[in-house]
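> Please find the sequence and the predicted model below.
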Amino acid sequence: MPVDARTPVLIGAGQFVHHATGLDDALDPATLMCEAIRRAATDAGLGGVPIVDSIRVVSLLSWRYGDPALVVAQQLGLSPRETAATTMGGNSPQSLVNETALAIQRGELDIAILAGGEAWQSRGRSRKAGVELTWPKAPPDAFPRVLGEDLEMNHPAERERGLLMPIQIYPMFETAIRAAAGRTVAEQQLLASDLWSRFSEVAAQNPAAWSRTARTAEDIRTPSATNRMIGFPYTKYMNSNNNVDMAAALIMCSAAKAKSLGIARDRWIFPHSGTDCHEHNYISNRWSFDQTPAIAIGGRDVLRLAGLTIDEVEVVDLYSCFPSAVQLGAQSLGLALDRQLTRTGGLSFAGGPWNNYVMHAIATVMHDLRKRPGAHALVWANGGYATKHSFGVYGTNPPSSFQHSRPQAEIDALPRRELADVADATGSATIEAYTVMHNRDGEPETAFAACLLADGRRAWGTSADAQLAAAMCDGEWVGRATQLTDEGHLAF
């Protein structure tokens, strides 16, 4: 089948995992990215890193470069006409592929490097040791082009209550999913830990995974000295592991450029379609915590644009920061949980380098597809609290053209909850989702509950009563009646 010259194609993928023994052999994120880029060039069959039009980097947290893509370019001896960085969010790598595919198809770019990396473990070691790192930075007057949508995801009322972190929110999704399915706490823990055990087995076989230890479901769900409870019902092994030093990179170009570079045809992977969208910005306004309609709509569109059904997709990688994310994604996309839903092993085991996990997923999927000519893959990327979503369908055969959509208007028109002010939410309410945060000794400390008022509005309830927090770790509390004080505290 002839391929249009402007068809976007991925030609190289590289991953680099660096287990530094200390600060003496620690590498900064840009250096990690450069190694991943060199590996991507080798993967493409090139003799070295090619001259590119653009270097595009996923925003990182472990070091402030100013313009990280410029630092990468300098280390590689490249002078691209553009350096760019994404906005924050785990959806960014797939969104970056979508945006770059469109730019190549429009003729704005011929070839680009996409990269991301984090050195969070080494950064943490430096802070603990009180050592000031001397990693490089871009000149102060260097500013990258910004790619992506910068979405505010924390409602002021959520911030006031201390609801700021994914480790607090995703356990609430888990309790809502459990209650909606009619499972007991024990049954849900069996389901989630079994799912995560299978993910760990994939990571054990993945040479680019951070942790290659296969863990049993019992090990994952049972609190221990090395696996403390963090946010009930999640133990440490059920949380994303951001304490990693790792990077990934992709080389993407037009079909004409791939041909001119002499890239073997069996290395080419084609993006077929992509979608980008988000749920209602704030969890306070979501209609429910056990449904993610934007995933369903975005997933529907990306498959429609590729001319496929979900059953015709052979390779799948779902964003996997916490078990609830995978359950929500699978449910919304029509995937059974006993299907292979990760190609890397997920963020708990393969590694969760903040915004860049999905770059590793896409790199892994590329290798999978090369072994399966004619097959298709679906990648789902997620940012925030199951908030921002980006999808990509990939294949070894070329599409007629890359297709993309942003079905945001349809999502924005969906029902939303109003959030009641604390002073206006005093009195009776019903718990719809909850979690109990534990201290570093693994003891229950603070309870958070999303509650529904009689008029359908949502209200937040909290409690720092250790006895109540401990009690809420036993049995099902979704559906229970509670009283909210004039300070927004839970009372029974």
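Thanks, I have the structure now.

> From G182, how far out is Y434?
Distance of Y434 to G182, given as Cβ to Cβ, to the nearest Å: 17 Å. Glycine gets a C-beta too; all of them are placed from N, C-alpha and C.

> Settle it for me: which of these two has more neighbours?
Y434 (25 against 8; other Cβ atoms under 10 Å).

> wait, doesn't that one sit right on A469?
No: using Cβ atoms under 8 Å, Y434 is not in contact with A469, being 10.3 Å away.

> overlap in contacts of these two?
Listed as contacting both Y434 and A469 by Cβ atoms under 8 Å, 6 or more residues apart in numbering are A447.

> what residues are up against A296?
Contacts for A296 were tallied using Cβ under 8 Å, 6+ apart; they are S332, L333.

> Go ahead and flag the most central residue of the chain.
With distances taken as Cα atoms, centre = their mean, G90 lies nearest the centre of the chain, 3.7 Å away.

> separation between the closest residue to it other than its chain neighbours and A103?
Take G90 and drop its neighbours on the chain: the residue closest to it by Cβ to Cβ, 6 or more residues apart in numbering is G383, 4.5 Å away. G383 sits 21 Å away from A103 when distances are taken as Cβ to Cβ.

> repeat for P140
Taking Cβ to Cβ as the criterion, P140 is separated from A103 by 28 Å.

> And the chain, what are its domain boundaries?
Structural domains of the chain, as assigned by automatic domain parsing, span the residue ranges 8-153+242-412, 422-491.

> Out of the ones you listed, which one sits most buried?
A comparison of the domains of the chain by mean neighbour count, using mean count of other Cβ atoms under 10 Å, puts domain 8-153+242-412 on top with a mean of 21.

> who does the spatially most distant residue from the centre of the chain bridge with?
Of all residues in the chain, G427 sits farthest from the chain's C-alpha centroid, using Cα atoms, centre = their mean; the distance is 37.6 Å. On the basis of DSSP bridges, G427 takes part in beta bridges with L484.

> Could you tell me the backbone phi and psi angles at A115?
Backbone dihedrals for A115, given as degrees, to the nearest 10, come out at phi -150, psi 160.

> shouldn't it be in contact with M33?
Yes: the pair A115 / M33 is scored as a contact, 4.4 Å apart, by Cβ under 8 Å.

> Report all helices and strands that the helix or strand that contains T462 contacts.
When elements are assigned from DSSP states H and E, T462 belongs to strand 458-463. Counting contacts by 3 or more Cβ pairs under 8 Å, 6 or more residues apart in numbering; DSSP states H and E, strand 458-463 is packed against strand 427-438, strand 444-452, strand 481-484, strand 490-491.

> In a markdown table: those strands, plus mean pLDDT and distance to A464.
Shown next, in a markdown table, are these (pLDDT from 0 to 100; distance: least, Cβ to Cβ, whole Å):
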| stretch | mean pLDDT | distance to A464 |
| --- | --- | --- |
| strand 427-438 | 98 | 10 |
| strand 444-452 | 98 | 5 |
| strand 481-484 | 97 | 15 |
| strand 490-491 | 96 | 10 |
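
> Could you export the ones you listed as CSV, including distance to R198?
As requested, the helices and strands packed on strand 458-463 are exported to CSV (distance: least, Cβ to Cβ, whole Å):
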stretch, distance to R198
strand 427-438, 24
strand 444-452, 29
strand 481-484, 36
strand 490-491, 36
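
> Quick one: closest of those strands to L335.
Distances from L335 to each of the helices and strands packed on strand 458-463 were compared by Cβ to Cβ, and the smallest falls on strand 427-438, at 22.7 Å.
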